[in-house]
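**Student:** sequence plus the predicted model coming up.
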Amino acid sequence: MNQKVVIIGGGIIGCLTAIELVKKSVEVLVVEKSSIGNEASKAAGGVLFPLMPWNYESFVYGLCKNSSKYYIELEKILFDNTNIDIELINSGIQILPPFNNDEIVNWCKNNFIEAEKSSFNNHKTLLIKDIFQVNPPKLMRALKIYLKKIGVDILENSEVINFEQNYNKVIACDVKDFGKVYGDKFIIASGAWSSQINEKLSKFVYPVRGQVIQYEKSDIKLKHIIFRDGTYILQRKDNSIVVGSTLENVGFSKENVEESINFLNSRAISMIHELKGLKIEKHWFGFRPGTEKNKPIVKVDDFFDNLFLNTGHHRYGITMAPHTATSLVDYVTC
Ligand SMILES: Cc1cc2nc3c(=O)[nH]c(=O)nc-3n(C[C@H](O)[C@H](O)[C@H](O)COP(=O)(O)OP(=O)(O)OC[C@H]3O[C@@H](n4cnc5c(N)ncnc54)[C@H](O)[C@@H]3O)c2cc1C
């Protein structure tokens, strides 16, 4: 029997989950309160690697590894179908001191990742190889076009405010100013807002604001992503330089971004002195779906047996999305 699955949220998690469902011949509707990719997913830096995996439980890296393989295939599919280059680049990450060399080298060895001594602007650095980056705004733009091409229905500017239930089954979701949307199965992929539609998640998923800045174009050329102590600097294909990102526990507040912009600017200049004097051309922020220890929630709901959760990817949702989308789809379709 043909099943209809309703996905609530059209960020990277909702979009890749939709693609994986279509591969299994499932009919999919994505309900999005704003527009596809407009929140955390578009705001991301696009590094396809957990920035300091040696600081996390191995489970976190397990969800991230091989992500670039998925994106290499997706890049081609998206380009063939949309003509949009998602700017997947194998740039590696160059770590600036101070860092614990032995800890990182051992971690890399244990995870079969190549790392070697290198240098940058007179610093002795460590280069971790085969780390990819992608351009998130382009990725999300291409995904929206591709989803439509493969037959996914998309309802934008439509906020799910409630579920209609019959004991432990969700029958429909109530969409503000639209009405009821019926389905056989429902997936919450609503990022930082997930607990607003499923209160039980409020203990586990919370917003963590992240700020990013972008400098005006210059002659500076970066061969690798440059990283020091939580801050990364990367270059897009058009040469623009992007610096990310802050971790701010301010709820959904959009106030007081000046301080975070100044913080990133001074961190970036301390890492690459040539950035001093360049204008900050753009800045933006997003609300990550924060979770303890960066462990996403990918499972069937504890009460409703046709409601599934794919949320809480915190700092690494672009990287983890391929893995959690395929795992969740296995639960949904089994
Ligand atoms: C500044 C910053 C930098 C980052 N850098 C990286 C990085 O380099 N690499 C990496 O892997 N990750 C990075 N991340 C993390 C990554 O962006 C997130 O983990 C990921 O985007 C989460 O995806 P999502 O689809 O769950 O959330 P979102 O992209 O926020 O999507 C959730 C969607 O659900 C919609 N929604 C919410 N409630 C409802 C509702 N009631 N009804 C309908 N729709 C609803 C929202 O409008 C939104 O579009 C970064 C994040 C930020 C903010």
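**Tutor:** It's in. Residues are numbered from 1 along each chain as shown.
**Student:** run through the residues of the stretch 101-250 of the chain sitting next to the ligand.
**Tutor:** Taking CB under 6 Å from any ligand atom, the part of the stretch 101-250 of the chain that reaches the ligand is made up of 159-160, 189-193, 196-197, 210, 212, 244-245. Yep, even glycine has a C-beta here, placed from its N, CA and C like the rest.
**Student:** tally up the residues packed near the one residue in the stretch 201-334 of the chain that gets nearest to the ligand, please.
**Tutor:** Ranked by CB to the nearest ligand atom, the top residue of the stretch 201-334 of the chain for proximity to the ligand is residue 317, at 2.2 Å. Other residues lying near residue 317 total 26 when counted by other CB atoms under 10 Å.
**Student:** same deal with residue 126?
**Tutor:** Burial measure for residue 126: 20 neighbouring residues, criterion other CB under 10 Å.
**Student:** now it: closest residue in space, sequence neighbours ignored.
**Tutor:** Closest residue to residue 126 apart from its sequence neighbours, by CB to CB, 6 or more residues apart in numbering: residue 95 at 4.7 Å.
**Student:** could you pull out the helices for this protein?
**Tutor:** Taking DSSP state H as the test, the helices found in the chain are 12-23, 40-43, 58-64, 67-82, 101-110, 136-149, 194-197, 258-271, 317-333.
**Student:** reformat those as JSON lines; add mean pLDDT and distance to residue 167.
**Tutor:** Converted to JSON lines, the helices of the chain look like this (pLDDT from 0 to 100; distance: least, CB to CB, whole Å):
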{"stretch": "helix 12-23", "mean pLDDT": "98", "distance to residue 167": "25"}
{"stretch": "helix 40-43", "mean pLDDT": "98", "distance to residue 167": "34"}
{"stretch": "helix 58-64", "mean pLDDT": "96", "distance to residue 167": "33"}
{"stretch": "helix 67-82", "mean pLDDT": "98", "distance to residue 167": "38"}
{"stretch": "helix 101-110", "mean pLDDT": "96", "distance to residue 167": "48"}
{"stretch": "helix 136-149", "mean pLDDT": "98", "distance to residue 167": "32"}
{"stretch": "helix 194-197", "mean pLDDT": "96", "distance to residue 167": "19"}
{"stretch": "helix 258-271", "mean pLDDT": "97", "distance to residue 167": "46"}
{"stretch": "helix 317-333", "mean pLDDT": "98", "distance to residue 167": "20"}
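**Student:** so which of those comes closest to residue 304?
**Tutor:** For the helices of the chain, the distance to residue 304 is smallest for helix 194-197, at 11.8 Å, taking CB to CB.
**Student:** okay, that closest one in PDB with CA atoms only?
**Tutor:** Extracted as PDB, the C-alpha positions of helix 194-197 are listed here (Å, rounded to 0.1, in the frame of the first residue of the first chain):
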ATOM      1  CA  SER A 194      11.100  20.700  17.800                       C
ATOM      2  CA  SER A 195       9.900  21.000  21.400                       C
ATOM      3  CA  GLN A 196       7.300  23.600  20.400                       C
ATOM      4  CA  ILE A 197       5.300  20.800  18.700                       C
END
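**Student:** so residue 209 bridges to which residues?
**Tutor:** Residue 209 forms beta bridges with residue 248, residue 287, as assigned by DSSP bridges.
**Student:** show me what contacts the residue lying closest to residue 261 once chain neighbours are set aside?
**Tutor:** Of all residues not flanking residue 261 in the chain, residue 283 sits nearest, at 5.2 Å (CB to CB, 6+ apart). Shown in contact with residue 283 (CB atoms under 8 Å, 6 or more residues apart in numbering): 211-214, 257, 261.
**Student:** tell me who's in contact with residue 20.
**Tutor:** 325-326, 328-329.
**Student:** now list the buried members of the residues you listed.
**Tutor:** 325, 328-329 (16 or more other CB atoms under 10 Å).
**Student:** closest to residue 168 out of those residues?
**Tutor:** The shortest gap between residue 168 and any of the buried ones among the contacts of residue 20 belongs to residue 328, at 19.1 Å (CB to CB).
**Student:** spatially nearest residue to that closest one (excluding sequence neighbours)?
**Tutor:** Once chain neighbours are set aside, the closest to residue 328 by CB to CB, 6+ apart is residue 310, at 4.6 Å.
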